[in-house]
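> this one's structure only:
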């Protein structure tokens, strides 16, 4: 993917207050660089300000101007030559798409601002992160993997059920687990008039107490879907952990930790950007083995006549000149075929 900041010029825009402002806009179109028109809501989403639906609501609320004129409908296309202002500020240029893994803890809400004053995930994110939006949501008491991105179009794409990405959870439930009831959820389920798609639910191990762990896999992700479905079959969820979202795993990411996905992962899994080629990358040099010192020749045998002779090996109570196991003046008794000493006849 080309760098969005290249081939740009400074263009004078006329904001709503009448003052002259300059923003970074693309160079005038040429035969090789024709302007690409796209919906204004999509452009705002790619800039990382909001989702596309939120952008449409902002436009209808009179918060967006194009080339100094108030926009009244989201059915409007723009190009890189247009000056877009949101709340009186120039729309940021779209950056290279980026995605992060985030381990959401319990007790915080997935929103930019909570009317009840509860802490949000954006209050806990590192200050070094750019403006990001979430891919889906996790409720106040849920924890686990939450994807973040600086591109609203990527977030929308990954949230759609048509993408077919599976979400996996570990649910700790209170109640007697019946695997037969869990297996029936694979055919779909309905709770209070709301129909849910197929859900794969499996008891992790034989239940030994009041609580048990159930692994749940689904592809939709409606509001509090796991909790509502399990409660409808007599199981109360008292802990819920998302362990994967599509090909991305929670793994060993610590609670509250944030980790950016590498560009080649985005290329492989999302088709974003290009795979990195080996050209232009540093090549690791092979590690050289340390040189060993040559072995010194064996020392020559001693020729000094005054050198002490090698001591003979004998038992502590053995006298010189005697073999162990014999007594002075007596021969060692011979043993017969049976192993017992043979008797001599005179």
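On my side now, so go ahead. A quick note: this is a predicted structure, and the numbers were derived from the prediction, not measured.
> tell me which residues in whichever strand or helix holds residue 241 are buried?
Assigned by DSSP states H and E, residue 241 belongs to strand 236-245. For strand 236-245, a neighbour-count test (16 or more other C-beta atoms under 10 Å) marks 237, 240-245 as buried. (Glycine included, C-beta is placed from N, CA and C.)
> could you dump those residues to CSV with pLDDT and distance to residue 99?
Below are these laid out as CSV (pLDDT from 0 to 100; distance: C-beta to C-beta, whole Å):
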residue, pLDDT, distance to residue 99
237, 97, 28
240, 97, 23
241, 97, 20
242, 97, 16
243, 97, 18
244, 96, 14
245, 95, 11
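> Closest one of those to residue 137?
For the buried residues of strand 236-245, the minimum distance to residue 137 (C-beta to C-beta) is 10.5 Å, reached by residue 242.
> residues making contact with stretch 181-188?
195-203, 214, 229, 233-234 (C-beta atoms under 8 Å, 6 or more residues apart in numbering).
> pLDDT below threshold where in the stretch 201-346 of the chain?
273-346 (pLDDT under 70).
> Please identify the pairing partners of the strand holding residue 241 and their relative orientation?
Here strand 236-245 has these sheet partners by DSSP bridges: strand 142-149 (parallel), strand 167-174 (antiparallel), strand 248-249 (antiparallel).
> just the buried members of the contacts of stretch 181-188?
196-197, 199, 201, 214, 229, 233.
> of all those residues, which two lie farthest apart?
197 and 214 (17.6 Å).
> Compare the strands paired with strand 236-245 and report which one is nearest to residue 48.
strand 142-149 (7.9 Å).
> which residues are in contact with that closest one?
Against strand 142-149 from outside (C-beta under 8 Å, 6+ apart): 48, 97-106, 110, 121, 125, 129, 132-136, 138, 155, 158, 169, 239-245, 248-250, 253, 255, 258.
> can you rerun that using 6 Å?
99-100, 102, 104-106, 132, 134-135, 138, 155, 240-242, 245, 250 (C-beta atoms under 6 Å, 6 or more residues apart in numbering).
> I'd like to know which of these are part of strands.
Among the contacts of strand 142-149, the members found in strands (DSSP state E) are 99-100, 102, 104, 134-135, 240-242, 245.
> can you tell me which two in the residues you listed are farthest apart?
Longest span within the ones in strands among the contacts of strand 142-149, C-beta to C-beta: 99 and 240, 22.9 Å.
> if we can go back for a sec, taking the strands paired with strand 236-245 together, which one is wrapped up most tightly?
strand 142-149 (a mean of 22; mean count of other C-beta atoms under 10 Å).
> Next, the angle strand 99-104 makes with that strand.
160 degrees (axes from the mean of the first three to the mean of the last three C-alpha atoms, to 10 degrees).
> which stretches of the protein form helices?
Ranges of helices in the chain, per DSSP state H, are 40-46, 52-60, 121-124, 152-159, 179-184, 225-232, 263-270.
> so which of those helices is the most packed in?
helix 40-46 (a mean of 23).
> What helices and strands are in contact with that one?
Helix 40-46 sits against helix 52-60, helix 152-159, with contacts defined as 3 or more C-beta pairs under 6 Å, 6 or more residues apart in numbering; DSSP states H and E.
> if we go to 8 Å?
Other elements packing on helix 40-46 under the criterion 3 or more C-beta pairs under 8 Å, 6 or more residues apart in numbering; DSSP states H and E are helix 52-60, strand 64-66, strand 77-78, strand 84-86, helix 152-159.
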